[in-house]
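[1] Give the three-dimensional model of this entry:
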Amino acid sequence: MNLNRASAARDLLAFYVEAGVDTAVGETANDLLSNALSLRGESSRTAPEENRSSAKAGVASPHANEVRRSIPSPPTERQKAAPLAPDAAVMAAREAARGAATLEELRAILDGFEGCALKHTATQLVFADGNPQAPVMFVGEAPGSEEDRQGLPFVGRSGKLLDRMLAAIGLDRSSVYIANIVPWRPPGNRTPTPQEAAICLPFVRRQIELCDPDILVCLGGPSAQTLLGFKEGIMKSRGRWLTFHTGRRDIRAMATFHPAYLLRTPLAKRLAWRDFLAIKKALAEVSGA
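    Residues are numbered from 1 along each chain as shown. Predicted coordinates for the structure are as follows:
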């Protein structure tokens, strides 16, 4: 029985984590609404007599003390701080990103940035993985649950498939650089909102500028729409070479399927294979230039 209770407790905690719950307000559950209503009923019957006797004695009513204890504590300074409006958060992100002279500085600035609410529901920042000097950079959408736990992008099922796709064209994590548009996991692995992507965009653009790759590959529709400006879905936008300005120079850029989509739609793998062969050819041209 104890084992069953422990297993149920672990399952419940896992559900809370998946739902984005990250803060406990007390050690035990407390129905403040029921307490307040019951105290209100009791106090309405006994308050006149107790108030008179308490006033004579110069002490507060015990029911008044209970009511005061049932009122939530005032918010902390962090809770009092109102979140930035989306436009203000984007401007703050642009200013903060411009101040990073290196990837290490950018990571530290991003870790301290308070303009994106996802930071407060995620376990940790998921900045990047791979080789910053690599000729090709892959940018996905946002971390998932496993990435959130490990602090690295593409380490779950999607990451394992990406590793196999890279190996098929002679690449691995030491020869590519991998990041995401949004560096914090959205609750429940949902798709980041356009506002969340817009707030984080200055940071990933600065990340691309500091890495200065020869080729940029957007994994999935949200990444392609945010970085390459595509309006249509990934099925129509994939496989086409575009020009992307890194902030230093123009480079080649392409959108292809996100590995998570390929896990759900295996028939699309043949199209993704064409895209990766095109990436392999472009890398050969760059290395031979």
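[2] Do I have it right that residue 209 meets residue 245?
    No: applying C-beta atoms under 8 Å, one finds residue 209 not in contact with residue 245, separated by 9.3 Å. Where you see a C-beta, it was placed from the backbone N, CA and C, and this is true even at glycine.
[3] Which of the two has more residues huddled nearby?
    Legend: neighbour count by other C-beta atoms under 10 Å for residue 209 and residue 245, higher for residue 209 (16 against 12).
[4] how close does that one sit to residue 260?
    The gap separating residue 209 from residue 260 is 27 Å, by C-beta to C-beta, to the nearest Å.
[5] for residue 174, helix, strand, or coil?
    Three-state call for residue 174 (DSSP: H, G, I helix; E, B strand; the rest coil): coil.
[6] Without its sequence neighbours, what residue ends up closest to it?
    Once flanking residues are discounted, residue 174 sits nearest to residue 131: 5.5 Å by C-beta to C-beta, 6 or more residues apart in numbering.
[7] Likewise for residue 233?
    The shortest distance from residue 233 to any non-neighbouring residue, by C-beta to C-beta, 6+ apart, is to residue 221 (5.7 Å).
[8] circling back to that earlier point, give me the number of residues near the residue nearest to residue 174?
    By other C-beta under 10 Å, the residues close to residue 131 number 17.
[9] going forward, begin numbering at 29 instead of 1
    Done: numbering now begins at 29, and the last item shifts to residue 159.
[10] Tell me how far it lies from residue 239.
    Distance from residue 159 to residue 239, by C-beta to C-beta: 9 Å.
[11] can you list residues touching both of these two?
    residue 205 (C-beta atoms under 8 Å, 6 or more residues apart in numbering).
[12] For the protein, which element, helix or strand, carries the lowest mean pLDDT?
    Ranking every helix and strand in the chain by mean pLDDT, DSSP states H and E puts helix 105-108 at the bottom, with a mean of 46.
[13] and the next element down the chain from that one?
    helix 114-126 (DSSP states H and E).
[14] So which elements touch that following helix?
    Applying 3 or more C-beta pairs under 8 Å, 6 or more residues apart in numbering; DSSP states H and E, one finds that helix 114-126 makes contact with helix 131-139, helix 222-239.
[15] Identify the residues contacting the very next helix or strand once past the longest one?
    Meaning helix 222-239. Elements were assigned by DSSP H and E; along the chain past helix 222-239, the next helix or strand is strand 243-247. In this structure, residues lying in contact with strand 243-247 by C-beta under 8 Å, 6+ apart are 163-169, 190, 236, 252, 255-256, 272, 274, 279-287, 307, 310-311, 314.
[16] are any of those buried, and which?
    Among those, those scoring as buried are 163-169, 190, 236, 252, 255-256, 272, 274, 279-287, 307, 310-311 (criterion: 16 or more other C-beta atoms under 10 Å).
[17] Restricted to helices, list those residues.
    Applying DSSP state H to these, the entries found in helices are 190, 236, 252, 255-256, 287, 307, 310-311.
[18] would you list the residues you listed in TSV and tack on distance to residue 219 and pLDDT?
    Shown next, in TSV, are these (distance: C-beta to C-beta, whole Å; pLDDT from 0 to 100):
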residue	distance to residue 219	pLDDT
190	18	98
236	21	98
252	13	97
255	16	97
256	17	96
287	15	98
307	25	98
310	29	98
311	30	97
